[in-house]
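Q: Test case, fold it:
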Amino acid sequence: MKPLCVLAACLMLVIGATAARADGGRHAAASGCRRLTITLFAAPQPLHTGAADLSVMTQDRSSGQILLDPVIDLTLRPQLPAEPRRPFD
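A: Model prediction:
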């Protein structure tokens, strides 16, 4: 029974390690939105076509306190050449 527990623990470590690949990158944009300050971090720098790591930090605008576990919807779309640059809508 003990070897099975060791195997299960090793599998959990491997699975958890592959899933935890966030919170990286450089500051890409920040904006105030209602009562929040939203900061976007992106890697690799500069961004290019292909895979990217995007992380979002949300803070209370008045206190600067980081909000843990907010619900975030992130939509990416291509920017048209004549379109003004808007980090957040």
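Q: Any idea how many residues pack against Leu47?
A: 13 (other CB atoms under 10 Å). C-beta coordinates here come from the backbone N, C-alpha and C atoms, glycine included.
Q: Who's the closest spatial neighbour of it, skipping the chain neighbours?
A: Excluding the flanking residues, the one nearest Leu47 by CB to CB, 6 or more residues apart in numbering is Ala28, at 7.6 Å.
Q: residue ranges for the strands of the protein, please.
A: 26-33, 36-43, 53-60 (DSSP state E).
Q: Quick one: list the elements packing against the last one.
A: When contacts are defined as 3 or more CB pairs under 8 Å, 6 or more residues apart in numbering; DSSP states H and E, strand 53-60 sits against strand 36-43.
Q: buried residues in the strand it packs on?
A: For strand 36-43, burial by neighbour count (16 or more other CB atoms under 10 Å) applies to Thr37, Ile38, Thr39, Leu40, Phe41, Ala42.
Q: what's that strand in contact with?
A: With CB atoms under 8 Å, 6 or more residues apart in numbering as the test, strand 36-43 has contacts from 23-32, 52-61, 64, 67, 87-88.
Q: What is the neighbour count of the residue nearest to Ile72 when sequence neighbours are not counted?
A: Of all residues not flanking Ile72 in the chain, Val56 sits nearest, at 5.2 Å (CB to CB, 6+ apart). Per other CB under 10 Å, the neighbour tally for Val56 reads 12.
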